[in-house]
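# Here is a sequence together with a model predicted from it:
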Protein chains: 2
Amino acid sequence: MNEHIVTSYEEELALLDKRIAHMGGLAESNLATAFDALARRDPRLAEMVVKSDRQIDALERDIEAQVISMIARRQPMANDLRHIMAALRIASDLERIGDFAKNMAKRALAIAHESHPKPLMTGLGHMIELALRQLKVVLDAYAERDAKKAMAVWRDDEQIDAMYNSLFRELLTYMMEDPRNIGISTHLLFGAKNIERVGDHTTNIAETVHFLVTGLTMADDRPKGDETSSTLISGD
Amino acid sequence: MNEHIVTSYEEELALLDKRIAHMGGLAESNLATAFDALARRDPRLAEMVVKSDRQIDALERDIEAQVISMIARRQPMANDLRHIMAALRIASDLERIGDFAKNMAKRALAIAHESHPKPLMTGLGHMIELALRQLKVVLDAYAERDAKKAMAVWRDDEQIDAMYNSLFRELLTYMMEDPRNIGISTHLLFGAKNIERVGDHTTNIAETVHFLVTGLTMADDRPKGDETSSTLISGD
């Protein structure tokens, strides 16, 4: 609450949402930039993401400090308490999304001098596109308190998982074709896993929004599409 | 608060810590069992972990409900508020550690019929041993409100990261030697990454304990030892 003096409870709640929107915007832009850094092998873009991630971390701390202070001073009940706890939870998911972008950017630094397998980068590109769209929609759903929108994001996470599964198999095949592909493929594999996990955190946010608006938790077992951890790969 | 009727504030705080201890115990035991499942290729052990993870998730929800209820009814200030928020944060880290154990267990199911590269399993074994010891110590540090113990855990995370870096390189070498090793090595690579991330969450808990006891945050930039995301691997 450094920006201006907040007097009313409503203003405090609005500031909380402003901070979430700011964090969400940074997370989106860092994800997009991290992917560009990877695709163009541009270390300068990668450095930008690493730096900007510190801002995301600082915003999470601001939000947490504000939440604690509001609880202590305002002693919120029912709806307001749910609002405040939702903001805290969303901030934590956004912070983790920021970490995945940072991790991807670091990989861009590592492979800046290697040549990329074009078709695999296209697959990764489709994954990041969908992940970015989902993140944008879920942030809108929060701002607009739109449970239906949140539900749609929750449902579409399966698509990201399906893309990950298919890319995972392609990358293994690529490794097997030529051992010289193993280094780069490993980095792209972790990159794809990062995007898949971004999707999971976006889904968490969708669940939080749904709960905030309806007061109901979603079905406990959400569709889980990442099957690669239980896939038998024989390597023959 | 189903177990018994809680009357005093102190009893509520004690119940919170009891739940954290319970969650921590389950996380430890699931991690150990997940590794055994992997090492012995025992699908029954793996199934146990997957089931037991639901209990961890349920405990996290209990803790969260209790925290919200305590804040609403007790309107805690200063130390008590810090205690309650610390419990909430630790529960979230323990839930994520449980997820990593579950993920490792699922990989055990996937590779149940493959033969294991012995020396690589030994490396993974050392990693899990250290990760388990660190988790145990940090849970003690919370129970005993021991900031020094927490600080030691925080410092020693570098060792897990160093083990991960070395195992990462060994696994890549192993893949390059023979393409038939790629499938199993990829699973072990993600397994090692899981343990490395368990270490990160253990370090988060250490930071929370330190803050709870001293009121001071640790240095912002903690030692980061996982360098593989920024390592150039040429594959030649």
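Looks like it came in fine. Numbers count the residues shown, from 1 in each chain, chains lettered A, B, ... in the order given.
# Write out the residues of chain A neighbouring chain B.
A:68, A:71-72, A:75-77, A:81, A:85, A:92, A:103, A:106-107, A:109-111, A:113-114, A:172, A:175-177, A:179-184, A:186-187, A:189-190, A:193, A:229-236 (C-beta under 8 Å from any C-beta of the partner chain). C-beta here means a position set from N, CA and C on the backbone, and glycine is covered the same way.
# What about those residues, which are in helices?
A:68, A:71-72, A:81, A:85, A:92, A:103, A:106-107, A:109-110, A:172, A:175-177, A:182-184, A:186-187, A:189-190, A:193 (DSSP state H).
# returning to that earlier point: what subset of the residues of chain A next to chain B is buried?
Taking 16 or more other C-beta atoms under 10 Å in any protein chain shown as the criterion, what is buried in the residues of chain A next to chain B is A:68, A:71, A:76, A:81, A:85, A:92, A:103, A:106-107, A:109-111, A:114, A:172, A:175-176, A:179, A:181-184, A:186-187, A:189-190, A:193, A:229-231, A:233, A:235.
# Keeping just the C-alphas, turn stretch A:17-37 into PDB.
What follows is stretch A:17-37, C-alpha atoms only, in PDB (Å, rounded to 0.1, in the frame of the first residue of the first chain):
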ATOM      1  CA  ASP A  17      -7.400  -7.100  -7.200                       C
ATOM      2  CA  LYS A  18      -5.200  -4.500  -8.900                       C
ATOM      3  CA  ARG A  19      -2.100  -6.200  -7.600                       C
ATOM      4  CA  ILE A  20      -3.400  -9.600  -8.800                       C
ATOM      5  CA  ALA A  21      -4.000  -8.200 -12.300                       C
ATOM      6  CA  HIS A  22      -0.600  -6.600 -12.300                       C
ATOM      7  CA  MET A  23       1.000  -9.900 -11.200                       C
ATOM      8  CA  GLY A  24      -1.000 -11.800 -13.800                       C
ATOM      9  CA  GLY A  25       0.000  -9.400 -16.600                       C
ATOM     10  CA  LEU A  26       3.700  -9.800 -15.700                       C
ATOM     11  CA  ALA A  27       3.300 -13.600 -15.600                       C
ATOM     12  CA  GLU A  28       1.700 -13.600 -19.100                       C
ATOM     13  CA  SER A  29       4.300 -11.300 -20.500                       C
ATOM     14  CA  ASN A  30       7.200 -13.300 -19.000                       C
ATOM     15  CA  LEU A  31       5.900 -16.600 -20.300                       C
ATOM     16  CA  ALA A  32       5.600 -15.100 -23.800                       C
ATOM     17  CA  THR A  33       9.000 -13.500 -23.700                       C
ATOM     18  CA  ALA A  34      10.600 -16.700 -22.300                       C
ATOM     19  CA  PHE A  35       9.300 -18.700 -25.200                       C
ATOM     20  CA  ASP A  36      10.500 -16.000 -27.700                       C
ATOM     21  CA  ALA A  37      13.900 -16.200 -26.100                       C
END
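# Output the below-cut-off pLDDT ranges for chain A.
A:1-6, A:116, A:219-236 (pLDDT under 70).
# at 90 instead, please
Scanning chain A for pLDDT under 90 picks out A:1-9, A:38-42, A:64-65, A:67-82, A:85, A:107-122, A:178-181, A:183-184, A:187, A:215-236.
# need the contact list for A:Asp57.
A:Glu95, A:Gly98 (C-beta atoms under 8 Å, 6 or more residues apart in numbering or on different chains).
# secondary structure element for it?
helix A:43-74 (DSSP states H and E).
# What are the buried residues along that helix?
A:45-46, A:48-50, A:52-53, A:56, A:59-60, A:62-64, A:66-68, A:70-71.
# Tell me the buried residues in stretch A:111-131?
A:Ile111, A:Glu114, A:Pro117, A:Leu120, A:Gly123, A:Leu124, A:Met127, A:Ile128, A:Leu130, A:Ala131.
# and these, which two are the farthest apart?
Using C-beta to C-beta, the two most remote members of the buried residues of stretch A:111-131 are A:Glu114 and A:Leu130, lying 25.4 Å apart.
# what's the distance between the closest residue to A:Leu31 other than its chain neighbours and B:Ile20?
Closest residue in space to A:Leu31, ignoring its immediate chain neighbours: A:Ala101 at 4.5 Å, by C-beta to C-beta, 6 or more residues apart in numbering or on different chains. For A:Ala101, the distance to B:Ile20 equals 31 Å [C-beta to C-beta, to the nearest Å].
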